[in-house]
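Trainee: show me the folded form of this:
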Amino acid sequence: MREINRIICHCTATPEGRVQTVEDIRRMHVKDNHWSHIGYHYLIYLDGTIHQCLDESIPGIHCSGYNKHSIAVCYVGGCARDAKLTEKDTRTPAQKEAFVKILTELHKRYPQATLHGHREFAAKACPSFNVHEYDYIFK
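Mentor: Numbering: from 1, shown residues only. The predicted structure follows:
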């Protein structure tokens, strides 16, 4: 069993409203990035459904230097529909509810883990919202 000390939230950095599936992300990570597997453990679709992408026993490929002891939760979206793909909190109400659900479940399994946004570890806007609005779950 891996020791998990961080839950790291991500966005797919895709325009608001664009549908993406686990298979779309897997194809991008494996085929385009040449990774061995999909980077995230969970992906939250626009409708709020939570899809497991990677078994929690396997380190993700999502946050350089922090993969070994973390779980990655990603939501579809994170950018405006403009030509520059400007950072934007595009979470639907269903995605916001799904975050509460998955983060609550993960906190029960890994009570020592802390919550983070990808941007805390990389020069990125990801996940395009302040994850610390969910800190109450981790208290």
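Trainee: got phi/psi on the residue of the chain most remote from its centre?
Mentor: Computed with CA atoms, centre = their mean, the residue of the chain farthest from its C-alpha average is residue 83, at 23.3 Å. Main-chain torsions, residue 83, degrees, to the nearest 10: phi -70, psi -20.
Trainee: what of the one 10 residues further on?
Mentor: Dihedral angles phi and psi of residue 93 (degrees, to the nearest 10) take the values phi -50, psi -40.
Trainee: not counting sequence-adjacent ones, nearest residue to residue 67?
Mentor: Distance criterion CB to CB, 6 or more residues apart in numbering; nearest residue to residue 67, sequence neighbours excluded, is residue 59 at 4.6 Å. The way it works is simple: take the backbone N, C-alpha and C, and place the C-beta from them, glycine included.
Trainee: hmm, residue 2 and the one you found touching each other?
Mentor: Yes. The criterion here is CB atoms under 8 Å, and residue 59 meets it with residue 2 at 6.9 Å.
Trainee: and the strands in the protein?
Mentor: Shown for the chain, the strands assigned by DSSP state E span residues 6-11, 14-15, 42-44, 50-52, 70-75, 78-79, 114-117.
Trainee: as JSON lines, these with mean neighbour count and mean pLDDT would be great.
Mentor: As requested, those are arranged in JSON lines below (neighbours: other CB atoms under 10 Å; pLDDT from 0 to 100):
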{"stretch": "strand 6-11", "mean neighbour count": "25", "mean pLDDT": "98"}
{"stretch": "strand 14-15", "mean neighbour count": "18", "mean pLDDT": "94"}
{"stretch": "strand 42-44", "mean neighbour count": "26", "mean pLDDT": "98"}
{"stretch": "strand 50-52", "mean neighbour count": "14", "mean pLDDT": "98"}
{"stretch": "strand 70-75", "mean neighbour count": "26", "mean pLDDT": "98"}
{"stretch": "strand 78-79", "mean neighbour count": "22", "mean pLDDT": "96"}
{"stretch": "strand 114-117", "mean neighbour count": "18", "mean pLDDT": "98"}
